[in-house]
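Novice: Would you be able to build a 3D model of this:
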Amino acid sequence: MPKKVLAYVAILAVNVFYGLNYVISKSLMPHYLQPFGFIVVRVLGAGAIFWLINALFIREKIDRKDYPRLAVCGLFGVAINMLLFYKGLNLTSEINASLIMITLPIIVLLLSAFVLKERITTRKIGGIVLGILGAALLILMAEITGNKRSSLAGDLFIFINATSYGIYLILIKKLADKYQPLTLLKWVFTFGAIPVLLIGWPQFNTIEWAAFTPNIWLALTYVVICVTVCTYLFNLYAVKILSPTIVAVFVYLQPILSSSVAIALGKDKLDVWRVLAAVIIFAGVYLVTIAPSKLKLTNT
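Specialist: Residues are numbered from 1 along each chain as shown. Prediction:
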């Protein structure tokens, strides 16, 4: 199968996995797992898998000068990214979280302008403004209307999570051209596990494993294997091949899928403010991504 076709399949799988994750992870918190304890399970499980695969199949050394960048990638791409996402998801709704996350291409564009000195056109500035307005509307209306399934703090955590992942995408880009994805992920998760363990260990110790039903174990396995191992691996593979415009389009699948599942299960519902915010955010992201960019994007 051609590499480009595989990249399409990979990024499609990533966004399907993430789209379902909003509902699945939300169902596990806080009754079975507290957010930070959940992340300890996710990071240690995925990290162990990356180390095992590397030990069996890959022999690649990292240049000493690249370890500091890997450590920062672990901080932003794993620790801050995951801890704030699950903390935010525990506080807000699946729909709000998924809509806020699609501002990622806008966030990366802003960061790349400062870090990579990429030129921002007037059209893209308009897209950035629309994206920020849409996210702000979503966050503020949840507070004003008293939506019990949403919270200002939770929405802000999700937005900071998206920003953290945007930083990770920029930092990992240089390394992705130099090393194999599995080699990078082994070290990214190793460095990311350090702050995760420091913050999440108290909640991890409170997990009552005996209370887990087969369905809970199945959901947890899905999060570790599909939402963590596969998505991080497929993301690195896709950014080597696909254009940012194409990848950004696939990001739109997440709120559509997560919202559909949440509404179908009766866990959430749409209202006029969410629809309006979604339209504004989609318009902003479209304006930002209709022109090619040097940086390849995908979600977390």
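
Novice: avg pLDDT for stretch 41-54?
Specialist: Average pLDDT, stretch 41-54: 95.

Novice: residue at max distance from the center of the chain?
Specialist: A210 (29.7 Å; Cα atoms, centre = their mean).

Novice: what's the pLDDT at that residue?
Specialist: 92.

Novice: Now do the same for it: helix, strand or coil?
Specialist: Following DSSP: H, G, I helix; E, B strand; the rest coil, the label given to A210 is helix.

Novice: and what of H31?
Specialist: Looking at H31 with three-state DSSP, the answer is coil.

Novice: any idea how far the residue farthest from the centre of the chain is from Y32?
Specialist: To Y32, A210 is 11 Å away according to Cβ to Cβ, to the nearest Å. C-beta here means a position set from N, CA and C on the backbone, and glycine is covered the same way.

Novice: now swap in K186 and tell me
Specialist: From K186 across to Y32, the span is 28 Å (Cβ to Cβ).

Novice: Please identify which of those two sits among more neighbours.
Specialist: More crowded of K186 and Y32, by other Cβ atoms under 10 Å: K186, with 23 against 18.

Novice: Now do the more buried one, the pLDDT please.
Specialist: With respect to pLDDT, K186 scores 94.

Novice: cool, and D268?
Specialist: D268 is assigned a pLDDT of 63 by the prediction.

Novice: Same check on Q180?
Specialist: 89.

Novice: wait, doesn't it sit right on I58?
Specialist: Yes: Q180 is in contact with I58 according to Cβ atoms under 8 Å; the separation is 6.3 Å.

Novice: tell me which residues in the helix or strand hosting L6 are buried?
Specialist: L6 belongs to helix 3-28 when assigned by DSSP states H and E. Within helix 3-28, the residues scored as buried using 16 or more other Cβ atoms under 10 Å are 7-8, 10-11, 13-26, 28.

Novice: who are the neighbours of it, in terms of helices and strands?
Specialist: With contacts taken as 3 or more Cβ pairs under 8 Å, 6 or more residues apart in numbering; DSSP states H and E, helix 3-28 sits against helix 81-91, helix 94-101, helix 214-222, helix 231-238, helix 244-251, helix 253-264.

Novice: if you set the cut-off to 6 Å instead, what comes out?
Specialist: helix 94-101, helix 231-238, helix 244-251, helix 253-264 (3 or more Cβ pairs under 6 Å, 6 or more residues apart in numbering; DSSP states H and E).

Novice: Of those, which shows the lowest average pLDDT?
Specialist: Sorting the helices and strands packed on helix 3-28 by mean pLDDT places helix 244-251 lowest, at a mean of 54.

Novice: Relative to the whole chain's centre, how far out is the helix holding L6?
Specialist: How far helix 3-28 lies from its chain's middle: 10 Å, per Cα atoms, centre = their mean, to the nearest Å.

Novice: Now do the buried residues in whatever helix or strand comes next after that helix.
Specialist: Counting by DSSP H and E, the next helix or strand C-terminal to helix 3-28 is helix 35-57. Across helix 35-57, burial judged by 16+ other Cβ under 10 Å covers 35-47, 49-51, 54.
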